[in-house]
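> Quick one, fold the following:
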Amino acid sequence: MKHSAIAGLFITVALLASPVFAADKDLCKENINLIQQALDSNPAVSENAEDNIQVGLDKAKTAQAKGDDKGCIGITSGLLEKIQLRNPTNK
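Here you go, the predicted structure:
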C-alpha cells in the first residue's frame with residue numbers, strides 16, 4: 001500500500017506541477033517515462049490492460065517523434081489517469 005500511495009502522489013504531482021514549470025516537450029517526455037515506469041513495475045494488472053497501455057504509449061511516442069507535443073500530452077495524461085484509476089491497490 002505504501003508503494004501505491006507514493007506512486008499515486010508522484011503521478012498527481014507530475015500532472016499538476018509539470019504544466020506550470022515545464023515546456024510541452026518536457027511534459028511529454030516526463031509522462032512517457034512515468035508510463036514506462038508503471039509498465040515496468042507491473043502492479044498486478046491484467047494482460048489486456050497492459051496491452052492497452054502499451055498501445056497508448058506507442059501512439060504517444062509516435063506523436064512525440066512527429067513533434068506533436070500537445071497530442072502526446074493528451075494521450076499520456078489520459079493513460080496516467082487510467083493507470084491511477086485502475087491500480088487495484090488504491091482501493
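
> helices and strands of the chain: which one has the lowest mean pLDDT?
Lowest by mean pLDDT, DSSP states H and E among the helices and strands of the chain is helix 2-21, with a mean of 59.

> just checking, next helix/strand downstream of that helix?
Sequence-wise, the next helix or strand downstream of helix 2-21 (DSSP states H and E) is helix 24-41.

> Residues contacting the following helix or strand past that next one, please?
Downstream of helix 24-41, the next assigned helix or strand under DSSP H and E is helix 47-65. By CB atoms under 8 Å, 6 or more residues apart in numbering, the surrounding residues in contact with helix 47-65 are 28-29, 31-32, 35-36, 38-39, 42, 45, 69, 71-72, 75-76, 78-79, 82-83, 86. Every C-beta, even on glycine, is put in place using the N, C-alpha and C of the backbone.

> repeat that for 6 Å
Outside helix 47-65, the residues that touch it by CB atoms under 6 Å, 6 or more residues apart in numbering are 28, 32, 35, 71-72, 75-76, 79.

> relative to helix 24-41, how tilted is that helix?
On the basis of axes from the mean of the first three to the mean of the last three CA atoms, to 10 degrees, helix 47-65 is oriented at 160 degrees to helix 24-41.

> Now the next helix or strand after helix 47-65: buried residues?
Note on helix 47-65: by DSSP H and E, the next helix or strand toward the C-terminus is helix 69-86. Within helix 69-86, the residues scored as buried using 16 or more other CB atoms under 10 Å are 69, 71-73, 75-77, 79-80, 83-84.

> tell me which strands and helices helix 69-86 is in contact with?
Counting contacts by 3 or more CB pairs under 6 Å, 6 or more residues apart in numbering; DSSP states H and E, helix 69-86 is packed against helix 2-21, helix 24-41, helix 47-65.

> What helices and strands are in contact with the shortest one?
Using 3+ CB pairs under 6 Å, 6+ apart as the contact criterion, the neighbours of helix 24-41 among helices and strands are helix 2-21, helix 47-65, helix 69-86.

> average pLDDT across that helix?
Mean pLDDT, helix 24-41: 88.

> just stretch 69-81 next, same as before
Mean predicted confidence for stretch 69-81 is 91.

> and if you look at stretch 49-64?
In this model, stretch 49-64 carries a mean pLDDT of 92.
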